[in-house]
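> sequence unknown, structure follows:
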């Protein structure tokens, strides 16, 4: 099975540590564009045919376009 290329965003926390979140999906709501992000770097410990109940955090961020070349994610 061929893996699709995923989008990801790098953030810096208050202590200066970088971390990445994978963009799972994009959607529009009331004329605004949003992104759904998750940390998929932590592996689940279940078989592929089992349902995942690992409890990953999910983030929804509003996309703000400052110029046509750059899209910025903003916490909502």
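Thanks, I have it. Quick caveat, the model's predicted, so the values are computed rather than measured.

> Identify the single longest strand in the chain, thanks.
Taking DSSP state E as the criterion, the chain has its longest strand at strand 18-29.

> For that one, which helices and strands make contact with it?
When contacts are defined as 3 or more Cβ pairs under 8 Å, 6 or more residues apart in numbering; DSSP states H and E, strand 18-29 packs onto strand 7-12, strand 32-38, strand 58-67. (C-beta placed from N, C-alpha, C; glycine too.)

> ok, residues contacting that strand?
For strand 18-29, contacts defined as Cβ atoms under 8 Å, 6 or more residues apart in numbering pick out 6-13, 33-41, 58-59, 63.

> deepest of the helices and strands packed on strand 18-29, which one?
Highest mean neighbour count among the helices and strands packed on strand 18-29 (mean count of other Cβ atoms under 10 Å): strand 32-38, with a mean of 16.

> Tell me the strands beside it, with direction?
Next to strand 32-38 in the sheet, as set by DSSP bridges, lie strand 18-29 (antiparallel), strand 58-67 (antiparallel).

> Run the angle between the shortest one and strand 7-12 for me.
This means strand 58-67. With axes from the mean of the first three to the mean of the last three Cα atoms, to 10 degrees defining the directions, strand 58-67 sits at 90 degrees from strand 7-12.
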